[in-house]
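Visitor: got a structure for you, letters missing:
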């Protein structure tokens, strides 16, 4: 199908769709489509203020900051841009402080609206700054990476890293709106596209076997950035995430399944030093490890781990963990937020489309690590 | 009345009273009485965890940390104590980081309960750390200063200071319980007692003319730390604060009246450097300034300002502001959290027992400052 000759087709990427995140008085919309940044409707109806602050990074700023600034100027008397250094290594207290310095240096009041323009790092930090500045100002997510569009921008988890653990300092704080312009994925480095696909793949095993099959059938189109395929992947991912978050905003229970692959993945990220592997790469490899653990726990057949590994390989993801040594992996995973009383709790798959939290003996985990590193 | 011979009298300080803060699923009790630290009931029914962390400061730790630790040991397998440096000058990002370092260094999980043992600085910082550690762990306020018992420990405002403004970085995050042991006021330096009385006095003009008259009649007993008088002052203050917070948890409106005196007071604190004046001293002097402003706005007779000033003098509070210059005051007040679009908004009294937010011309504010500094 040629999008140019069939712009009104219901499957054309240019038709924006809306996914609602239902959280009572904290509910909001996720807008998904092409060309959203330049549509006036995208920015209508947000909280009014005398200042809007676009927080972005030095990579994304030259690509999109000017367009977003222009789009916001009809709505806010003053629209400022703050470009932070790029990368997970900068998702720390020092960089967070730079957002506060800008806000206070510009005498921004407590109606100021923050716009997070970038990937997961920018979104997590900007959201956390919004949660804390004057005890809370509104913010809008404008994710420009696939990972942020399908996962981190939705659901209100904000955080910075601590030298002793990832996302250890943060808040549950919901955005006013999430704006996923698929066109911004055109400028995404291929490695980041793969990292985002890890989170897309994740939704299959934990919630939707049909979606897993769909991803397998469309993985080449997704890697080629086909807009129709991307539109469906982003939409279905957001629908699943919105449903899970809507039933458990503060991760008292079911929301934890969204961390499938993350316990192992976070250990890889922290063990190598943040920024060495991308978050999504850690998750991709971590999912294979968590699948192996599900197999060893007798919950899933060995074919499941092989199927997931094959898909991750096609998505360009690493599937062998770095050789940190099992002892180091275990040490890093014991400070995972899901750990309780020193016991590591893993998200495992108990049947296709269903996940649960479970502990495992250290010897079994060591076996998984030996097999996967 | 001699409390020793009449321990069961309904007005004896030894009878603990409970004030409820009604916030739906975030509701909690304020316990007020003598000897609370050593009563087993005080600590019963709190969230269970493998670790409790008592956060206190180097002044309070030698006085009370051991007793609280002993009281908690039946409930938590591990009870640790972290003593931070004392004083408003340390209510900053660097000291907050020390709490996170302790939590992560001890591999504390997300059920860990924090206990804030100390004054407003300890309570604000510990509460903010609890709000952010792993996106939120439970905490309990154990205020040991009058100011913290009547104001800062109640209502869930937590924060740290930023070099450019007081309480600029924080969260609304409610404690599980507030434990006000009046006996801890015995060790309070007289200057801190006065600072606490500033917040007690505050509740009169904004909410309860009878309470203002009661304070005037009992100010000498309060300054002499009479337990019966203190019990009433703490209880009535907490009742008023609980009612206000219950109707406006996140300060969308009426809650702002609790900041009577604080706009001027914060400017004094920031202008002199945090720790030079105590917070309550700034509030005491700031209330006189805000009363003067209420008079100049034509809302109140001059006698009101004189009455409030006389009471503050009897409470041992400074009533003349430091000579920072009106321009500096105005600059500092423009970054106040209540300011909007550069306009400073003051809490003024429009009739005894009633307050409201209002702007004022710079010339009038300058006149107030000239008259009060």
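Guide: That came through fine. Note that the coordinates shown come from a computational prediction; the quantities given were computed from them, not determined experimentally.

Visitor: measure the most centrally placed residue in chain A to residue A:125 for me?
Guide: Of all residues in chain A, the one closest to the mean position by CA atoms, centre = their mean is residue A:152, 2.6 Å from it. Counting by CB to CB, to the nearest Å, the separation of residue A:152 from residue A:125 is 11 Å. Placement of C-beta: from N, CA and C, glycine included.

Visitor: Please apply the same query to residue A:344.
Guide: According to CB to CB, residue A:344 and residue A:125 sit 27 Å apart.

Visitor: Of these two, give the one with the bigger neighbour count.
Guide: residue A:125 (27 against 22; other CB atoms under 10 Å in any protein chain shown).

Visitor: what ranges do the strands span in the stretch 51-200 of chain A?
Guide: Along the stretch 51-200 of chain A, counting by DSSP state E, counting those that start in this stretch, strands occupy A:51-57, A:78-84, A:113-118, A:139-143, A:157-162, A:165-172, A:177-181.

Visitor: Specify the beta-bridge partners of the nearest residue to residue A:359 once chain neighbours are set aside.
Guide: Nearest in space to residue A:359, with sequence neighbours left out and distances taken as CB to CB, 6 or more residues apart in numbering or on different chains, is residue A:343 at 5.1 Å. Applying DSSP bridges to residue A:343 gives these bridge partners: residue A:340.

Visitor: The stretch 1-150 of chain A against chain B: which residues are in contact?
Guide: With CB under 8 Å from any CB of the partner chain as the criterion, the stretch 1-150 of chain A comes near chain B at residues A:50, A:93, A:97, A:100-101, A:104-105, A:107, A:109-111, A:131-136.

Visitor: per-domain residue ranges of chain A.
Guide: A:17-187, A:190-372 (automatic domain parsing).

Visitor: which helix of chain A spans the most residues?
Guide: In chain A, assigned by DSSP state H, the helix with the most residues is helix A:227-247.

Visitor: For chain B, see how far away residue A:171 is.
Guide: To chain B, residue A:171 is 6 Å away according to CB to the nearest CB, to the nearest Å.

Visitor: I'd like to know how many residues surround the closest residue to that residue other than its chain neighbours.
Guide: Spatial nearest neighbour of residue A:171, chain neighbours left out: residue A:131 (4.0 Å); criterion: CB to CB, 6+ apart. Neighbours of residue A:131 under the rule other CB under 10 Å: 27.

Visitor: Let me see the ranges of the strands in the stretch 251-373 of chain A.
Guide: Per DSSP E, counting those that start in this stretch, the stretch 251-373 of chain A carries strands over the ranges A:346-351, A:354-358.

Visitor: closest to chain B out of those?
Guide: For chain B, the closest of the strands of the stretch 251-373 of chain A is strand A:354-358, at 13.2 Å, according to CB to the nearest CB.

Visitor: buried ones in the closest one?
Guide: Buried residues in strand A:354-358, defined by neighbour count with 16 or more other CB atoms under 10 Å in any protein chain shown: A:355, A:356, A:357.

Visitor: and the gap between residue A:60 and chain B?
Guide: In this view, residue A:60 and chain B are 25 Å apart by CB to the nearest CB.

Visitor: Surely that residue and residue A:123 touch.
Guide: No: contact criterion CB atoms under 8 Å: residue A:60 and residue A:123 do not qualify, at 11.2 Å.

Visitor: between the two, who's got more neighbours?
Guide: Remark: of residue A:60 and residue A:123, residue A:123 carries more neighbours, 30 against 23, as counted by other CB under 10 Å.

Visitor: Which residue, other than its chain neighbours, is closest to the more buried one?
Guide: Take residue A:123 and drop its neighbours on the chain: the residue closest to it by CB to CB, 6+ apart is residue A:116, 4.5 Å away.

Visitor: Residue A:55 too?
Guide: Spatially, and ignoring its direct neighbours in sequence, residue A:55 is nearest to residue A:126 (4.3 Å; CB to CB, 6+ apart).

Visitor: tell me the contacts of the one you found?
Guide: A:55, A:99, A:114, A:115, A:116, A:139, A:158 (CB atoms under 8 Å, 6 or more residues apart in numbering or on different chains).

Visitor: right, and the pair among these with maximum separation?
Guide: Within the contacts of residue A:126, A:115 and A:158 form the most distant pair, 14.2 Å apart (CB to CB).

Visitor: Quick check: residues of the stretch 251-373 of chain A near chain B?
Guide: Contact residues (CB under 8 Å from any CB) of the stretch 251-373 of chain A with chain B: A:251, A:334, A:335, A:337, A:339, A:340, A:341, A:342.

Visitor: Mark which of the residues you listed are buried, thanks.
Guide: A:251, A:335, A:337, A:339, A:340.

Visitor: Isn't the fourth one up against residue B:109?
Guide: Yes: using CB under 8 Å, residue A:339 is in contact with residue B:109, at 5.6 Å.

Visitor: Just the closest of the contacts of residue A:126 to chain B, please.
Guide: Of all the contacts of residue A:126, residue A:158 has the smallest distance to chain B: 8.0 Å, by CB to the nearest CB.

Visitor: I'd like to know how far the nearest residue to that closest one once chain neighbours are set aside sits from chain B.
Guide: Using CB to CB, 6+ apart and skipping the chain neighbours, the partner closest in space to residue A:158 is residue A:127 (3.3 Å). Distance, residue A:127 to chain B, by CB to the nearest CB: 11 Å.

Visitor: Let me know whether residue A:127 touches residue A:120 as I believe.
Guide: No: taking contacts as CB under 8 Å, residue A:127 lies outside contact range of residue A:120: 10.2 Å.

Visitor: Neighbour count for these two, which is higher?
Guide: Comparing residue A:127 with residue A:120 by other CB under 10 Å, the one with more neighbours is residue A:127, at 28 against 25.

Visitor: coming back round to it: mind listing which of the residues of the stretch 1-150 of chain A next to chain B are in helices?
Guide: Those of these lying in helices (DSSP H): A:93, A:97, A:100, A:101, A:104, A:105, A:131, A:132.

Visitor: List buried residues within these.
Guide: Neighbour-count burial within these applies to A:93, A:100, A:104, A:131, A:132; the criterion is 16+ other CB under 10 Å.

Visitor: Adding pLDDT, write the residues you listed out as a markdown table.
Guide: Formatted as a markdown table, those follow (pLDDT from 0 to 100):
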| residue | pLDDT |
| --- | --- |
| A:93 | 97 |
| A:100 | 98 |
| A:104 | 95 |
| A:131 | 98 |
| A:132 | 98 |
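
Visitor: Just give me the closest of those to residue B:330.
Guide: Checking these against residue B:330 by CB to CB gives residue A:104 as the nearest, at 16.5 Å.

Visitor: who touches the nearest residue to that closest one once chain neighbours are set aside in this structure?
Guide: In this structure, residue A:104 finds its nearest non-sequential neighbour in residue B:164, 3.9 Å apart by CB to CB, 6+ apart. By CB under 8 Å, 6+ apart, residue B:164 lies in contact with A:101, A:104, A:105, B:335.

Visitor: Could you do residue A:337 as well?
Guide: By CB under 8 Å, 6+ apart, residue A:337 lies in contact with A:165, A:167, A:168, B:109, B:110, B:134, B:135.
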